[in-house]
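Peer 1: pasting the sequence and the predicted coordinates here, then a few questions.
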Amino acid sequence: MNTYSVSMCCFLIICFFVLVFVNTSIAGQCIRCGGNLVCEGNSESELMETCGKPDYVEDKGILKIPVGYKSYAYKPVKVFYYNCGSDRLVQFVTITGGTITEIRSGNKYGSGTPRCNE
């Protein structure tokens, strides 16, 4: 194997891992409901309008955020669970103070017919 072939092989391997990493990070930031996406930074009302009512809501309590000297903002934190059907992973959407702060896929598939406003 010549130097060019080794260099090309290394380049292709690096490109593969970059594409896998970028694809995974993008997929973890949005939830697809029907033909629309809802992403981190969108509001809770946009999520409800696009994806419908969640299957379960878990109240995580209140987050205390410093906003100045001896001054705090208090934001409720909750997690919406979406079971979008047996052909999709369960989705967990964390909402802090009415804004989506995290979207992640579970490690198990949902059950039943396709859902999430499809």
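Peer 2: Now that the structure is in, tell me what you want to look at.

Peer 1: going forward, measure contacts and count neighbours with C-alpha atoms only.
Peer 2: Will do.

Peer 1: so the residue sitting nearest the centre point of the chain: helix, strand or coil?
Peer 2: Residue closest to the average C-alpha location in the chain (Cα atoms, centre = their mean): residue 103, at 2.1 Å. Following DSSP: H, G, I helix; E, B strand; the rest coil, residue 103 is assigned to strand.

Peer 1: going forward can the numbers begin at 28, since that is how I track them
Peer 2: Sounds good: first residue 28 from here, last item residue 130.

Peer 1: so it touches residue 117, yeah?
Peer 2: No. Contact between residue 130 and residue 117 fails when scored by Cα atoms under 8 Å: they sit 10.8 Å apart.

Peer 1: please enumerate the helices of the protein.
Peer 2: Here the chain has its helices, by DSSP state H, at 30-54, 71-78.

Peer 1: I'd like the average pLDDT over the longest one.
Peer 2: If I follow you right, that is helix 30-54. The average pLDDT within helix 30-54 is 54.

Peer 1: any idea how far the nearest residue to residue 106 once chain neighbours are set aside is from residue 87?
Peer 2: Nearest residue to residue 106, sequence neighbours excluded (Cα to Cα, 6 or more residues apart in numbering): residue 121, at 4.4 Å. Here residue 121 is placed at a distance of 9 Å from residue 87 (Cα to Cα, to the nearest Å).

Peer 1: which of those two has more neighbours?
Peer 2: Legend: neighbour count by other Cα atoms under 10 Å for residue 121 and residue 87, higher for residue 121 (23 against 13).

Peer 1: bridged to that one, which residues?
Peer 2: Applying DSSP bridges to residue 121 gives these bridge partners: residue 106, residue 129.

Peer 1: could you check the pLDDT of it?
Peer 2: Listed pLDDT for residue 121 reads 97.

Peer 1: contact partners for it?
Peer 2: Neighbour list for residue 121: 104, 105, 106, 107, 127, 128, 129, 130 [criterion: Cα atoms under 8 Å, 6 or more residues apart in numbering].

Peer 1: got the residues you listed as a markdown table, with distance to residue 136 and pLDDT columns?
Peer 2: Output for the contacts of residue 121, formatted as a markdown table (distance: Cα to Cα, whole Å; pLDDT from 0 to 100):
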| residue | distance to residue 136 | pLDDT |
| --- | --- | --- |
| 104 | 25 | 97 |
| 105 | 22 | 97 |
| 106 | 18 | 97 |
| 107 | 16 | 97 |
| 127 | 22 | 97 |
| 128 | 23 | 96 |
| 129 | 19 | 96 |
| 130 | 16 | 95 |
